[in-house]
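Asks: sequence first, then the predicted structure:
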Amino acid sequence: MQHRAFRASRRSVQTVGGFFVSRQVGRSTRTQYVARDDVGEQFQKRHFDDRLGWHETTVPRRTVRDEFITQLTRSPSTPAERSGEGAASEPGTFVVKPVRELRTP
């Protein structure tokens, strides 16, 4: 009986992916991460640069973790950027969505 409950709940699990969108003057980039295995050890990383197009690679969980930390802790570096004056870029965005809803630019 317990086994059936596990199987039913496993079927309802939805694969999700995370992505960052970064905008700078005249340029935007988008980086998507989707697990390639059931345990989340390997991820597909899809990086889009509006100047260069798409680039795909497979990266280990540690790399994804380090990149998330870097993106989520990034802050403006100068007093003018911190106050919003003369900032050369907008704050980045991080979103988690079901894989089927991840869009290409």
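Replies: Good, I have the coordinates.
Asks: which stretches in the protein count as helices?
Replies: Defined through DSSP state H, the helices belonging to the chain, from first to last, are 2-11, 61-73, 79-83.
Asks: residues near the spatially closest residue to residue 22 that is not a sequence neighbour, how many?
Replies: Once its chain neighbours are removed from consideration, residue 22 has its nearest residue in residue 92; the separation is 4.4 Å (C-beta to C-beta, 6 or more residues apart in numbering). C-betas here are computed from N, CA, C, even on glycine. Other residues near residue 92 number 15, with proximity taken as other C-beta atoms under 10 Å.
Asks: doesn't residue 68 make contact with residue 92?
Replies: No: contact criterion C-beta atoms under 8 Å: residue 92 and residue 68 do not qualify, at 11.4 Å.
Asks: I figured residue 17 was touching residue 96, is that so?
Replies: Yes: contact criterion C-beta under 8 Å: residue 17 and residue 96 qualify, at 7.3 Å.
Asks: okay, these two: which has more neighbours?
Replies: The residue with more neighbours, out of residue 17 and residue 96, is residue 17; 19 against 10, by other C-beta under 10 Å.
Asks: beta partners for that one?
Replies: Applying DSSP bridges to residue 17 gives these bridge partners: residue 34, residue 97.
Asks: relative to residue 65, how far out is it?
Replies: Distance of residue 17 to residue 65, given as C-beta to C-beta, to the nearest Å: 15 Å.
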